[in-house]
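[1] Need the 3D shape of this:
(one chain, ligands or ions: 1)
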Amino acid sequence: MTILDHPADSAVFGVYDSIADAVGNTPLVRLNRVTEGVAAAVYAKLEFLNPGGSVKDRAALAMIRAAEESGDLAPGGTVVEGTSGNTGVGLTVIATARGYRSIVVVPDKTSTEKIALLRAHGATVHVTPGGRPSHHPEFVRNVATRLASEIPGGWLAGQYDNPANPGAHRTTTGPEIWRQTRGRVTHFVAGIGTGGTITGTGEFLSEVSGGAVTVVGADPVTSVYGGGDGRAWYIESVGHFLHPQTEVDEWPDSYHPGVVDRLERIPDVEAVTVLHRLAREEGLLVGGSAGTAVAAALRVARTLGPDDVVVVIVPDSGRAYLSKYFDDEWLGRLGFPLYHGAPGPTVAET
Ligand code: PMP
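    All right, here's what the predicted structure looks like:
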């Protein structure tokens, strides 16, 4: 028996029949201190409050639902994806709740914590040698494709060219932001990984506002999305390093560059500085890509007036990056500003 009498009861009482139903409807929280001197209102959409801990739960749920509807994924089936990141967790959470197996293929440079997290969620993790070019049979996505075709009932999620990825944001993230701001949003800011978030949300907001919402992409400065040369950067999960003319034929299908009105190219050091301020001044311990996105949002907001409303996506939590962006040894080694600075007081001293 369900204790829900009516579908609307879920939203009213916060009671759900499955963890999948708890994906989305994340809060929009105003940034109050990092915005000092800024006339426009800046609101962060807290995607780390999704069940799997990131914005990718939305795409995971939508891709699995679409595959169920098309019959590509059926009872007893196995969800397969090549990813070291949040998509693997999101897919595993939804797969588990719906009775599917989950196989996640990761390169061998993936941190032990990430592999442990995927395994803890119930995924079978398949580790493959890193640094393989995209045509190589051991390239992560090629291994995932092969496993999905070999395993009976296997289905490849394929977030880079699955229309359900941007579709998830078109039907959930965009409408939520429009509702939450009561149509007052003027600027939407997001990082670009697969491009699903900015494409789906940006297209929805542009359409519903009749082109009044400005869509801003936040990109690491050397990423090729914003015209960089593809040199390595340290902020994980955003940006693109393959040159479209040489290494791949085109951008991922999940990214529609036409949706972006403006691109802010954010150096890692600016992202890390903003990230530290969010933790220290706003009570928001968030991941590196949120630092990139909020840095871009602040740049844009400084040029705006009191009637403007900027909404920025915070994709995941800082908990997954304690040994990087919040670790002075890592920060100091790479020339970033330290987080703790001088060693903090130890328990014995306090
Ligand atoms: N930030 C984080 C932490 C992510 O995991 C992702 C997904 N790769 C993104 C940003 C980018 O989102 P999208 O793939 O929708 O462009």
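[2] Could you pull up the contacting residues of the residue in the stretch 151-300 of the chain positioned nearest to the ligand?
    Here the stretch 151-300 of the chain gets closest to the ligand at one residue, Gly193, 2.8 Å apart by Cβ to the nearest ligand atom. (Glycine included, C-beta is placed from N, CA and C.) By Cβ atoms under 8 Å, 6 or more residues apart in numbering, the contact list for Gly193 reads 237-239, 289.
[3] And the helices in the stretch 1-150 of the chain?
    Shown for the stretch 1-150 of the chain, the helices assigned by DSSP state H, counting those that start in this stretch span residues 9-13, 56-70, 86-97, 112-120, 140-150.
[4] how close does Val89 sit to Glu236?
    14 Å (Cβ to Cβ, to the nearest Å).
[5] do Gly228 as well
    Look at Gly228 and Glu236: by Cβ to Cβ, they are 16 Å apart.
[6] Could you check how many residues crowd around the closest residue to Asp9 other than its chain neighbours?
    Excluding the flanking residues, the one nearest Asp9 by Cβ to Cβ, 6 or more residues apart in numbering is Val15, at 6.5 Å. A count of neighbours around Val15, defined by other Cβ atoms under 10 Å, yields 13.
[7] How about Phe204?
    Using other Cβ under 10 Å, Phe204 has 24 other residues around it.
[8] got a list of what it touches?
    Residues in contact with Phe204 (Cβ under 8 Å, 6+ apart) are 169-171, 173-175, 178.
[9] Can the helix or strand that contains it be said to contact the ligand?
    Assigned by DSSP states H and E, Phe204 belongs to helix 196-208. Yes: using Cβ under 6 Å from any ligand atom, we find that helix 196-208 touches the ligand at 196-197.
[10] so how far is Glu69 from the residue nearest to Val238 when sequence neighbours are not counted?
    Distances taken as Cβ to Cβ, 6+ apart place Gly191 nearest to Val238, at 3.7 Å, with adjacent residues excluded. Noted for Gly191: a distance of 29 Å to Glu69, by Cβ to Cβ.
[11] the more surrounded of those two?
    Counted by other Cβ under 10 Å, Gly191 and Glu69 do not tie: Gly191 has more neighbours, with 33 against 10.
[12] List, one by one, the residues from the protein near the ligand.
    Counting by Cβ under 6 Å from any ligand atom, the residues of the chain that sit close to the ligand are 54-56, 85-86, 191-197, 237-238, 287, 289, 315-316.
[13] Restricted to strands, list the residues you listed.
    Gly191 (DSSP state E).
[14] Check the residues of the chain next to the ligand for burial and list the buried ones.
    In these, burial by neighbour count holds for 54-56, 85-86, 191-197, 237-238, 287, 289, 315-316, counting by 16 or more other Cβ atoms under 10 Å.
[15] about what we covered before: comparing Val89 and Glu236, which residue is more hemmed in?
    More neighbours surround Val89 than the other of Val89 and Glu236, with 28 against 19 (other Cβ under 10 Å).
[16] in the stretch 1-150 of the chain, what residue is nearest the ligand?
    Asn86 (3.8 Å).
[17] And stretch 197-217, how far out from the chain middle?
    Centroid separation between stretch 197-217 and its chain, computed with Cα atoms, centre = their mean, to the nearest Å, is 17 Å.
[18] what does stretch 287-302 give?
    Offset of stretch 287-302 from its chain centre (Cα atoms, centre = their mean): 14 Å.
[19] Check stretch 116-123 too.
    19 Å.
[20] For it, buried residues please.
    So, applying 16+ other Cβ under 10 Å, buried residues of stretch 116-123: 117-118, 121, 123.
[21] What is the nearest of those to Gly153?
    When these are compared for distance to Gly153 (Cβ to Cβ), Ala123 wins out at 16.1 Å.
[22] Next, the contact list for the closest one, please.
    88, 92, 102-104.
[23] do the same with Val93
    Val93 touches 19, 51-52, 57, 60, 121, counting by Cβ under 8 Å, 6+ apart.
[24] mind redoing it with 7 Å?
    Neighbouring residues of Val93 by Cβ atoms under 7 Å, 6 or more residues apart in numbering: 19, 51-52, 57, 121.
[25] cool, Ile313 as well?
    The contact partners of Ile313, by Cβ under 7 Å, 6+ apart, come to 45, 47, 55, 190, 197, 293.
[26] shouldn't Val15 be in contact with Ile3?
    Yes: judged on Cβ atoms under 7 Å, Val15 makes contact with Ile3 at a distance of 6.3 Å.
[27] For the stretch 251-350 of the chain, give me the ranges with low pLDDT.
    Within the stretch 251-350 of the chain, the stretches with pLDDT under 70 are 342-350.
[28] Thanks a lot, see you next time.
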